[in-house]
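**Student:** structure of the sequence below:
(one chain, ligands or ions: 1)
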Amino acid sequence: MTWRLGTLAGIAVYMHPTFLLLLAFVAWQHWRIGQSMAAVASGVAFILALFGCVVLHEFGHALTARRFGIRTKDITLLPIGGVARLERMPDDPVQELWVALAGPAVNVVIAAVLYAWLSAASAFAPIEQVDVVQGPFLERLMLVNVFLVAFNMLPAFPMDGGRVVRALLATRMEYTKATQVATALGQSMAFLFGLLGLLSGNPMLIFIALFVWVGATQEASVVQIRSALGGIPVSRAMITEFHTLAPEDPLSLAVEYLLRGTQQDFPVMVEGQVVGVLALRDLQVALGQRGEAGVVGDVMRRDVPVVDAHDMLDSAFQTLQATGARVGAVTREGRVVGLVTLDNVGEFVMVQSSLDAHHRRHPTG
Ligand code: ZN
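**Tutor:** Here you go, the predicted structure:
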């Protein structure tokens, strides 16, 4: 259950009811310390300003994603921060990098503007007199934005920094390998934080360590492989080398392709558009009935599932299963760029789990 706060730039912003608990907690804390309604009002105003910055951070992600043609379902405020639900992640690592960086970049800008303002007004209080509950409002807000940048840029999932690291790695290695390296980095960091937290008795560090560990482990676990299908765009597992047929081609051409290579299903194209698919089973039946002189257009299936190269593998998989088709066409801006088959997705999952097993045995390799 969430409450709708409003819509900004076409994106609905929601608030989780537990957010009110946080406000109540802050109000109570300030009442305890300040014993005045003014203290309570300033404490609540500060949390609202802080979450205003968090919303702007999420809009940084959402509006950058929009530039790459990716919509955002909604933005939700939780007591632990904000979540922008993007329709999908970009399949280009460079785009993922920009989307991940855009959130923290917003907080950098806010902090810089506040710094300039405070400098111009000479309104800085000595740093030792400033913390989350005391000091000039705008200076605290500036410091909190600096903290938001630092926290979000920790190079570990589920933070933006983890995505930045993976995107940078993915420009020079395979996507899932990049995910595994980024995950290992996140876990080492969580371990370090946990150790520091225990040694220094700092509960905040231990909390961050747990948060990062859970996030990193989620990214790595075997269960994650299945849901990792959801995080991997079709374009990374599609067949890009394949023969196509035209409706007027004779079946003998399909037989030739079939015997020469390993392809069993052939998309039938007219002017770059898929109009059907000739599957192995249909070819067998048609050969028996019409011989090699039969024409592709007469025996092909016309109900070809079409998935976008940006779609995630799990939804492509579901589409194939739902339609009972063995093969689907992958398009990008309307043009066919690949094929996706159940066999191929199966092979992809197999490769992933082998790599995963390899990484469990050789964590550094
Ligand atoms: Zn973010």
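
**Student:** from the ion, how far out is the spatially closest residue to residue 342 that is not a sequence neighbour?
**Tutor:** For residue 342, ignoring the flanking residues on the chain, the nearest one in space by Cβ to Cβ, 6 or more residues apart in numbering is residue 320 at 5.6 Å. C-betas here are computed from N, CA, C, even on glycine. Noted for residue 320: a distance of 33 Å to the ion, by Cβ to the ion, to the nearest Å.

**Student:** contacts only, for residue 46.
**Tutor:** By Cβ atoms under 8 Å, 6 or more residues apart in numbering, the residues touching residue 46 are 26, 137, 140-141.

**Student:** could you export those residues as JSON lines, including distance to residue 33, pLDDT and secondary structure?
**Tutor:** Listed next are those as JSON lines, based on distance: Cβ to Cβ, whole Å; pLDDT from 0 to 100; DSSP: H, G, I helix; E, B strand; the rest coil:
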{"residue": "26", "distance to residue 33": "11", "pLDDT": "80", "secondary structure": "helix"}
{"residue": "137", "distance to residue 33": "16", "pLDDT": "84", "secondary structure": "helix"}
{"residue": "140", "distance to residue 33": "14", "pLDDT": "87", "secondary structure": "helix"}
{"residue": "141", "distance to residue 33": "19", "pLDDT": "89", "secondary structure": "helix"}
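
**Student:** now, which of those sits nearest the ion?
**Tutor:** Using Cβ to the ion, the shortest approach to the ion within the contacts of residue 46 belongs to residue 141, at 18.0 Å.

**Student:** could you pull out the helices for the stretch 151-300 of the chain?
**Tutor:** 160-170, 175-200, 203-220, 222-231, 251-260, 280-290, 296-299 (DSSP state H, counting those that start in this stretch).

**Student:** so which of those gets nearest residue 52?
**Tutor:** When these are compared for distance to residue 52 using Cβ to Cβ, the nearest one is helix 160-170, at 18.5 Å.

**Student:** give me the average confidence score over the closest one.
**Tutor:** Averaged across helix 160-170, pLDDT comes to 88.

**Student:** now do it: distance to the chain's middle.
**Tutor:** If you compare the mean C-alpha spot of helix 160-170 with that of the full chain, they lie 11 Å apart, counting by Cα atoms, centre = their mean, to the nearest Å.

**Student:** for the stretch 51-200 of the chain, which residue gets nearest to the ion?
**Tutor:** Using Cβ to the ion, the single residue of the stretch 51-200 of the chain nearest to the ion is residue 103, 3.1 Å away.

**Student:** check which helix or strand that residue maps to.
**Tutor:** Secondary-structure assignment from DSSP states H and E places residue 103 in helix 93-120.

**Student:** that helix to helix 160-170, inter-axis angle?
**Tutor:** 140 degrees (axes from the mean of the first three to the mean of the last three Cα atoms, to 10 degrees).

**Student:** show me what counts as buried in helix 93-120.
**Tutor:** By 16 or more other Cβ atoms under 10 Å, the buried positions in helix 93-120 come out as 93, 95-108, 110-111, 114-115, 118.

**Student:** now it: mean pLDDT?
**Tutor:** Helix 93-120 carries an average pLDDT of 92.

**Student:** before we move on, what about stretch 280-290?
**Tutor:** Per-residue pLDDT over stretch 280-290 has a mean of 87.

**Student:** follow-up on the earlier one: mean pLDDT lowest for which of the helices of the stretch 151-300 of the chain?
**Tutor:** Of all the helices of the stretch 151-300 of the chain, helix 222-231 carries the lowest average pLDDT, namely a mean of 50.

**Student:** quick revisit: does the residue nearest to residue 342 touch residue 339 like I think?
**Tutor:** No: taking contacts as Cβ atoms under 8 Å, residue 320 lies outside contact range of residue 339: 10.9 Å.

**Student:** so between those two, which is more surrounded?
**Tutor:** Relative neighbour count places residue 339 above the other of residue 320 and residue 339, with 22 against 19, counting by other Cβ atoms under 10 Å.

**Student:** and the more buried one, helix, strand or coil?
**Tutor:** Secondary structure of residue 339, reduced to three states by DSSP: H, G, I helix; E, B strand; the rest coil: strand.

**Student:** list the contacts for it?
**Tutor:** With contacts defined as Cβ under 8 Å, 6+ apart, the neighbours of residue 339 are 238-239, 242, 265, 267, 327-330.

**Student:** in JSON lines: those, plus neighbour count, pLDDT and distance to residue 13.
**Tutor:** Putting the contacts of residue 339 into JSON lines (neighbours: other Cβ atoms under 10 Å; pLDDT from 0 to 100; distance: Cβ to Cβ, whole Å) gives the following:
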{"residue": "238", "neighbour count": "23", "pLDDT": "85", "distance to residue 13": "36"}
{"residue": "239", "neighbour count": "16", "pLDDT": "85", "distance to residue 13": "41"}
{"residue": "242", "neighbour count": "18", "pLDDT": "85", "distance to residue 13": "44"}
{"residue": "265", "neighbour count": "24", "pLDDT": "85", "distance to residue 13": "45"}
{"residue": "267", "neighbour count": "23", "pLDDT": "87", "distance to residue 13": "43"}
{"residue": "327", "neighbour count": "25", "pLDDT": "83", "distance to residue 13": "41"}
{"residue": "328", "neighbour count": "27", "pLDDT": "86", "distance to residue 13": "36"}
{"residue": "329", "neighbour count": "23", "pLDDT": "87", "distance to residue 13": "37"}
{"residue": "330", "neighbour count": "27", "pLDDT": "89", "distance to residue 13": "34"}
